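Undergrad: return atomic coordinates for the entry below.
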Amino acid sequence: MDGMIVMSIMKNIVPVIKVVYKSKDGNWRGFCFPYDITCNAISKEDAIKKLTGLVETYEECLGQYNNPKHLMINSLSDKEDSDVFEKIWPIISKKIANKLKTANPTKYSNFLSSQSRISSSNNIISFSHRSLACAENK
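TA: Residues are numbered from 1 along each chain as shown. Below is the predicted model of the structure:
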């Protein structure tokens, strides 16, 4: 799945999706799309905490450069992360599309974040999403 095509929902809104799931190896794994930031942890709570810290640090750096799109949008490099994302993308995209109907970048970023959980027989996945307004391409 090409994330750059999938995420072209609106020109200046880039959804930031954090996902934490139970990996095939038995540990908890977290990733953030579209940044391709990842972490591993023993517990779900630890994975959420680590991932949140990594994303906050990355976004602080992005902010220093006015959120350039070329540093914001990356494909997921881990195969298992990509498989999980592909599985949950239909659910996430519907939630995002519903929120974008009346949103502008600031409103979506500040007020329309949400957190959800998906359970299946062999996987427990939590995800949250919000947006980050990116710089216009010049």
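Undergrad: quick one: the strands in the protein?
TA: In the chain, the strands defined using DSSP state E lie at 13-22, 28-33, 37-41, 114-120, 123-133.
Undergrad: least reliable of those by average pLDDT, please.
TA: When those are compared on mean pLDDT, strand 114-120 scores lowest, with a mean of 50.
Undergrad: with just CA atoms, put stretch 59-70 into CSV.
TA: Output of stretch 59-70 as CSV, limited to C-alpha atoms (Å, rounded to 0.1, in the frame of the first residue of the first chain):
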residue,chain,number,x,y,z
GLU,A,59,6.8,17.0,15.7
GLU,A,60,8.7,19.6,17.7
CYS,A,61,11.5,19.3,15.1
LEU,A,62,9.0,19.4,12.3
GLY,A,63,7.5,22.6,13.8
GLN,A,64,10.9,24.3,13.7
TYR,A,65,10.9,24.0,10.0
ASN,A,66,7.2,24.8,9.4
ASN,A,67,6.1,21.2,9.0
PRO,A,68,7.6,20.5,5.5
LYS,A,69,5.7,17.8,3.7
HIS,A,70,8.8,15.9,2.5
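Undergrad: list the buried residues of that stretch.
TA: Neighbour-count burial for stretch 59-70, counted by 16 or more other CB atoms under 10 Å, picks out 59, 62, 67, 69. All C-beta atoms are positioned from the backbone trio N, CA, C, and that covers glycine.
Undergrad: likewise for stretch 75-95?
TA: For stretch 75-95, the neighbour count (16+ other CB under 10 Å) marks 76, 81-82, 84-85, 88-89, 92-93 as buried.
Undergrad: out of the buried residues of stretch 59-70, which sit inside helices?
TA: Using DSSP state H, 59, 62, 69 are the members of the buried residues of stretch 59-70 that sit in helices.
Undergrad: that older thread, among the buried residues of stretch 75-95, which pair sits farthest apart?
TA: D81 and S93 (16.9 Å; CB to CB).
Undergrad: number of nearby residues for the nearest residue to N74 once chain neighbours are set aside?
TA: Nearest residue to N74, sequence neighbours excluded (CB to CB, 6 or more residues apart in numbering): D36, at 4.2 Å. Neighbour count for D36, taken as other CB atoms under 10 Å: 16.
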